[in-house]
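Visitor: quick one, fold the following:
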Amino acid sequence: LTNSSELDISFGSKRLGKTILEIRSVSKSYGSKKLISDFSHNFQKMERIGIIGSNGCGKTTLLEIISGKIKPDTGSVKVGLNTDFAYFKQNTDEFEKDISVLDYVQQFASTIHTADGTKYSASEMLQRFLFDGKMQQSKINSLSGGEKKRLYLMKSLMFGSNFIILDEPTNDLDISTINILEEYLQSFDGALIFVSHDRYFVDKIAKKLFVFTGDGELIESYQPYTEYLEIEKEIKGLEFFAKEVQNSANKP
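Guide: Next up, the predicted model:
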């Protein structure tokens, strides 16, 4: 990339309705492990929510419930009539491996409209996602893992969705692609929820956190991710100190 104007990729999106997405008293368990317990949230326009928590705590499960991929055990999920999801998953194995990059995009649209009314051909939009002419003619099975994720990212974001769901979007992406993603999300006027362990990305994009604290409990926090982690570290240190003092007091 030679200048910032090449990163101007704001796509057009449908206007969100009054009801965007309502989660009411949702719970989900797998076997004896409770992942989500009695969680409710009414999504608003322009929300930027980062989901954080330990591995296996239920972060991706929550995304799957929101997108309708899986059903909660109890509770309900109401999707607004105008709500249109784009779901960027970690697994990009859905590609047809033996077609070219350009043919893959043209399956969905040969022309892409951006928010300012500009029209781009599939080839022009691919160039904005750092696929030059030679790469556009390459077979998908010849791409690296990061290049496949960049292509999947483009496909996930380019078709006018107004509610974006991202699961670890920065994994395996190069810095230029992460910059493209960040710029797009900062200009996006719909709702956004994402899972990420990338502290810098969460701090830059999220305005609110959903925090998995254990035993299916989810809390909301408006602290930046870095600040939240520092506070958690201090609390754990104080708890450890208090436990040591108690142990010393109990010794004969």
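Visitor: now name the helix or strand holding residue 37.
Guide: Per DSSP states H and E: residue 37 is located in strand 33-42.
Visitor: quick one: average pLDDT of that strand?
Guide: For strand 33-42, mean pLDDT is 94.
Visitor: and for it, what's in contact with it?
Guide: Around strand 33-42, the neighbours that count as contacts under Cβ atoms under 8 Å, 6 or more residues apart in numbering are 20-29, 57-58, 61-62, 65, 72, 75, 210, 215-218, 220. In short, each C-beta sits where N, CA and C put it, glycine included.
Visitor: filter those to the buried ones?
Guide: 20-21, 23, 26-29, 57-58, 61-62, 65, 72, 75, 210, 216, 218 (16 or more other Cβ atoms under 10 Å).
Visitor: number of nearby residues for residue 78?
Guide: 12 (other Cβ atoms under 10 Å).
Visitor: wasn't it part of a strand?
Guide: Yes - if the criterion is DSSP: H, G, I helix; E, B strand; the rest coil, then residue 78 is within a strand.
Visitor: just checking, it touches residue 19?
Guide: Yes - using Cβ atoms under 8 Å, residue 78 is in contact with residue 19, at 6.7 Å.
Visitor: my read: residue 222 touches residue 210, true?
Guide: No - using Cβ under 8 Å, residue 222 makes no contact with residue 210, being 11.4 Å away.
Visitor: which residues does residue 27 contact?
Guide: Counted by Cβ under 8 Å, 6+ apart, residue 27 has contacts 34, 36, 37, 38, 39, 72, 73, 74, 75, 216.
Visitor: before we move on, what about residue 26?
Guide: Contacts of residue 26 (Cβ under 8 Å, 6+ apart): 36, 38, 39, 40, 65, 72, 74, 75, 76, 77.
Visitor: nearest to residue 171, of those residues?
Guide: Nearest to residue 171, judged by Cβ to Cβ, of these is residue 65 at 21.6 Å.
Visitor: which outside residues touch the helix or strand encompassing the closest one?
Guide: Assigning secondary structure by DSSP H and E places residue 65 in helix 59-67. The contact list for helix 59-67, computed with Cβ under 8 Å, 6+ apart, reads 21, 23, 26, 28, 35-36, 39, 51-53, 70-72, 77, 85, 87, 90, 165, 167, 193, 195, 210, 212, 218.
Visitor: now with 7 Å, please.
Guide: With contact meaning Cβ atoms under 7 Å, 6 or more residues apart in numbering, helix 59-67 is reached by 21, 26, 28, 35-36, 51, 53, 70, 72, 77, 85, 87, 165, 167, 193, 195, 212.
Visitor: pull out the buried residues from the residues you listed.
Guide: 21, 26, 28, 35-36, 51, 53, 72, 85, 87, 165, 167, 193, 195, 212.
Visitor: now, the contacts of strand 33-42 that are in helices?
Guide: If you go by DSSP state H, the contacts of strand 33-42 have 61, 62, 65 in helices.
Visitor: can you list the weak-confidence ranges in the stretch 101-250 of the chain?
Guide: 114-116, 159-160, 234-250 (pLDDT under 70).
Visitor: please repeat the previous calculation with a cut-off of 80.
Guide: Counting by pLDDT under 80, the ranges of the stretch 101-250 of the chain that qualify are 108-109, 112-118, 156-161, 228-229, 231-250.
Visitor: what's residue 126 in contact with, if anything?
Guide: Contacts of residue 126 (Cβ under 7 Å, 6+ apart): 101, 102, 105, 136.
Visitor: ok so it is a helix residue?
Guide: Yes - under three-state DSSP, residue 126 sits within a helix.
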